[in-house]
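K.L.:
sequence first, then the predicted structure:
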Amino acid sequence: MDKILEALVSSSHPLTVKRAIVKKVIEAAEKEVTEEQCQALYHLTTRFILLGEDAFQRQVGLQVQEAYARYHRDEFARFFSKEYVLGLLQQGYSSLDSRDPAILDFLHGSLRLLISCPAVLELAPLLQTEVLRIICERPEPATCAKLATILTDFPQCVPREKAGVLFCQQLVRTFAYFHCPATEERELREYVTQVTRVSALLQGIWKAEPATLLPSLQEVFAIISSTDPSFEPSIALASLVQHIPLQMITVLIKSLTTDQNVKDASMTQALCRMIDWLSWPLANHVDTWVIALLKGLAAVQKFTILIDVTLFKIEQVFNRLWYPIVRQGALVVLSHMLLSFQHSPEAFHLVVPHIVPLVKSLKSDGLPNSKTFLLQFAELVHCMMYQYSGFPDLYDSILESIKDLPKPSEEKIKFVLNQSAWTSQSNSFASGLLKITGKSETGKTGLVNLGNTCYMNSIIQILFMATDFRRHVMSLHLNGSNSLMKKLQLLFAFLAHTQRAAYSPRSFLEVSRPPWFTAGSQQDCSEYLRFLLDRLHEEEKTLSALQLTSPKPEPATTSAETLHSAVSQPVADVPSHPDPVVAEGDGRTLVERMFGGRLSTAIRCMQCHSLSEKEEPFTDLSLAFCPSMSRAHGPTDEHKSSSAVGPCQGSVNGGSESSEGSVKEGSGTKMEMPVVEPTLSVTDLVDYFLAPEILENENCYFCERCASLQRAEKVMRVVAAPEYLILTLLRFSYDATCHVRRKILDNMGIPLHMCLPLHQHGSPASSPSSTAVASSSDSPESGENLAKKLKPSQKEEGMTKSRTESKKNDAEMLSVPYVLSSVVMHSGMSSESGHYYSYGRNVSSTDGYVALPCPKTVENSSLSESSTATQENMGCTDQKSTDWFLFNDSRVTFTNFQSLQNVTCRFPKDTAYVLIYRKQEVSGQPSNSGPVVNGSKLSGEPPLQKELMDAITKDNKLFLQEQELNARARALQATSASCSFRPNGSDDNEPPGSCGPSGGGGGGGFNTISRLVF
């Protein structure tokens, strides 16, 4: 029979004839056939099946073998013996290799023919051993898929007990080699099918033998945590995750994260590869396991791993959102990574450039699920912009793209952020500079946030942008000095000349931080500014006093003279050598010359009309929000008293806090958002500050002439205008009921130009060189009490007379012009949370016009009125887009004045807090516009001194070395993602939270969303 069949198949007869004859051969299987004939047919049909020249031969082989095996099973069992099977699996068949899928197909078909025969049980031990051997040889996915099909149909051939554990481990290991180089869709689909078939086999084994599950998972972790640079496991391992029981998550993650033998580098690598699994199209629950591992690492405070992995993988996760088949799982992981990364906006800012293109794509792709997905994505973006407010230049385009989508409520945002926090005490900028980059296109240098130090960074930047002050500081000869001024000079030098994108001001922070400031916690930038200026002032006075008491040096000895010229000017009535650095010899310190002004306070008794006057110095004016600006120019209530609005006050060099009475109704107590358009201007607050105040009721004035408490009028006037006018807006009010400080969110108009009324008395007290000034603590009218304001009643008895007498004592009043130099913005809802950033530009004393004296006025001139007229004559010639800079910790970008004016309209939590105006030259008045060196006034930047040049050169060389090392580290990053770059170490015993090196972070912290200010 076998000879006939072989001759027939190889003959040239028509196919129909061949099929008819083959049918007769198959029907003959029912008849009795000898052992030799059966064996011959089995060998022939096996050859047809494995080596058939065409599909017809293979089909004939299968049909004939199946027919004769069904009717002659014992003979087929003897043919398909252990030895025969072993030879096929170890040596192959003729020209076929033992790993050829055709041999496994033949094996599978033969076992099916013996499915109810005891021979299968006899073959099972052999097959258990052989499949383990084959798996250990790391076969291709196609071979593994064939084996998986055999073992699924014949579970008795699956290795048992210890061999079963080893088989599962080796099968997992083989998974790691399932790489797919195919690019055609058909090949990719076939590959995914093969992987799915093998993973289903493992699922079945795990269910039948639970003892094999944990060792298999341990093998999975060993593979994905490998740091071997020559081995990259296949993403196909993702298909195994969906078969792991979800109830095991807690136990497994706890076991992994608490295992002391697992190194951080291995855990980092494992987490990165699990995140890669999000790309596997058919795997379920990958996002669940990734998030579980992230939470587990946070629970054991492995924050360095979390920071490194987030910054390394966040863009890859975001890119998965473009693919609908894996989009939903990727969004879940992205949301968790971003919402939990609350110490720095760096992770969010990595994906910010990709948000608008994705939103546009989702709006136009027409997929049924895109709309729902877009709503979820927009909610995440709103949460992130709330958390990291203070970046209007980055968020404007995003807000525009999602403006038509619903915005979550503030309560929901706070809840989401609070639930997602890491509750971390870790280094806040652990992986701050994974990539070292050069300066931004602005050419300006940012400042690294050292742990909630944005209050310091914003102040340093606005002082640096105070052009004339910076030039004075840089022109000082401070060689060998260890003073605070020397530290500031060095910091200014680095800001001007370093090649770094952001400089770390650690040494300056250590010497300039007020003693009562808690390291790593939120602070008030205006309080820091006052402390810094006061320290610089007192330091220079002390060194000047030491210079006066020390013996006059010989001409060849220059150390004492250098010390003197470094931080002070010679007192006018004491002979000294000419100072080559300072511009004047009136005894004032640099802080006094640049920021010092004088206020005159006059109190007139309304009973006897006696007048008491006093002058005080100031370096900044703290402007309170009046109860009702609508009546700012003259209330008519005769009985209006200072006690009624006494809590609403400004201050001279005072605090940044006012009581609840200073808050406009509905803005401070209920934390409602202000109207979009500004209803007030800075000039209105200055008018209010300088307006007359009636002292009455419990705030009556004790008149020495009357020897009793009397009603009186108090008037404050500026008698000496500073070169730089610092204005602090008292936005934080104290709520006595809740015992918390709240923020006044009123949108404040910021004029580019303004005028300050300057009263000149002609008395010695008004001379700039006069030192006969009472201390601010000498009387109740000093400090904050000095600035209590109330608009006087126009119907007051004796008012006309007192005003007439006052006019007689007034000399000429000048309207001193100022131009805006810089603004510090506070982003946040209260003083306990938020972020500081600043706008600034280079302005000198000649950037404007020369003002002329104003005529006398009957009353205190309205600053807002005069400034309005002034601005009309000035014009805005400095509106270029590159005139202004936005300083946000490490980030520096170009901006313009319009963006500054509109920032609160776009982001209601971002409000102006500290403003610096530069005085413009006034006709007939001396100017301190720049330093004088060797008798010549510097119009540009002073030359860099050798000591500063050496320090900068050394640091720039170090920076280049860091760039080279970082480039090498990035080349090796595939082997280990844990290569954090921590500039200059950690800060302040690891503060609880900070902005990170890129700034940001308003409204949030680790434990609570109202805890930290960044």
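P.N.:
That came through fine. Small disclaimer: the values here were computed from a predicted structure and weren't measured. Numbers count the residues shown, from 1 in each chain.

K.L.:
what segments of the stretch 651-800 of the chain are helices?
P.N.:
Using DSSP state H, counting those that start in this stretch, the helices of the stretch 651-800 of the chain run over 682-690, 799-809.

K.L.:
can you give me the strands in the stretch 651-800 of the chain?
P.N.:
In the stretch 651-800 of the chain, the strands defined using DSSP state E, counting those that start in this stretch lie at 651-652, 657-659, 680-681, 693-695, 701-703, 708-710, 712-720, 724-729, 732-735, 740-743, 748-749, 753-759.

K.L.:
helix/strand/coil for Ala270?
P.N.:
helix (DSSP: H, G, I helix; E, B strand; the rest coil).

K.L.:
thought it was touching Thr227?
P.N.:
No - applying C-beta atoms under 8 Å, one finds Ala270 not in contact with Thr227, separated by 10.0 Å. From N, CA and C alone the C-beta is placed, and that goes for glycine too.

K.L.:
higher neighbour count, those two?
P.N.:
Per other C-beta atoms under 10 Å, whichever of Ala270 and Thr227 has more neighbours is Ala270, with 23 against 16.

K.L.:
run the angle between the lengthiest strand in the chain and strand 724-729 for me.
P.N.:
Scanning the chain for the strand with the most residues, using DSSP state E, yields strand 813-830. Counting by axes from the mean of the first three to the mean of the last three C-alpha atoms, to 10 degrees, strand 813-830 points 40 degrees away from the direction of strand 724-729.

K.L.:
as CSV, could you dump the C-alpha coordinates of strand 813-830?
P.N.:
Extracted in CSV, the C-alpha atoms of strand 813-830 (Å, rounded to 0.1, in the frame of the first residue of the first chain):
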residue,chain,number,x,y,z
MET,A,813,6.5,121.0,45.9
LEU,A,814,8.1,118.9,43.2
SER,A,815,6.6,116.0,41.3
VAL,A,816,9.4,113.5,41.1
PRO,A,817,9.1,111.1,38.2
TYR,A,818,9.7,107.4,38.5
VAL,A,819,9.8,104.6,36.0
LEU,A,820,9.0,101.0,36.8
SER,A,821,12.1,98.8,37.2
SER,A,822,10.8,95.5,38.6
VAL,A,823,7.9,93.7,40.3
VAL,A,824,7.8,90.7,42.5
MET,A,825,4.7,88.6,42.0
HIS,A,826,3.1,86.3,44.6
SER,A,827,1.2,83.3,43.2
GLY,A,828,-1.1,81.6,45.6
MET,A,829,-4.2,82.0,47.7
SER,A,830,-2.7,82.8,51.1
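
K.L.:
and the host helix or strand of Ile135, what other elements does it pack with?
P.N.:
Element membership of Ile135 [criterion: DSSP states H and E] is helix 118-136. For helix 118-136, the packing partners by 3 or more C-beta pairs under 8 Å, 6 or more residues apart in numbering; DSSP states H and E come out as helix 82-91, helix 141-153, helix 161-175.

K.L.:
got the angle between it and helix 141-153?
P.N.:
Using the same axes, to 10 degrees: helix 118-136 against helix 141-153 is 150 degrees.

K.L.:
got the angle for helix 118-136 vs helix 161-175?
P.N.:
50 degrees.

K.L.:
helix 118-136: how far from the chain's middle?
P.N.:
Relative to its parent chain, helix 118-136 has a centroid offset of 58 Å by C-alpha atoms, centre = their mean, to the nearest Å.

K.L.:
need the contact partners of it.
P.N.:
77, 80, 82, 85-86, 89-90, 99, 111, 114, 143-144, 147, 150-151, 154, 156-160, 163, 166-167, 170-171, 174 (C-beta atoms under 8 Å, 6 or more residues apart in numbering).

K.L.:
which among the residues you listed count as buried?
P.N.:
77, 80, 85, 89, 99, 111, 114, 143-144, 147, 150-151, 154, 157-159, 166-167, 170-171, 174 (16 or more other C-beta atoms under 10 Å).

K.L.:
for stretch 407-416, output the C-alpha coordinates as CSV.
P.N.:
The C-alpha coordinates for stretch 407-416 follow below in CSV (Å, rounded to 0.1, in the frame of the first residue of the first chain):
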residue,chain,number,x,y,z
LYS,A,407,-12.7,73.4,34.6
PRO,A,408,-12.8,71.5,37.9
SER,A,409,-13.7,73.3,41.0
GLU,A,410,-11.0,74.5,43.3
GLU,A,411,-12.2,72.1,46.0
LYS,A,412,-11.9,69.2,43.7
ILE,A,413,-8.4,70.3,42.6
LYS,A,414,-7.3,70.6,46.2
PHE,A,415,-8.7,67.2,47.1
VAL,A,416,-7.0,65.5,44.1
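
K.L.:
just the buried residues of that stretch, please?
P.N.:
407-408, 413-414, 416.
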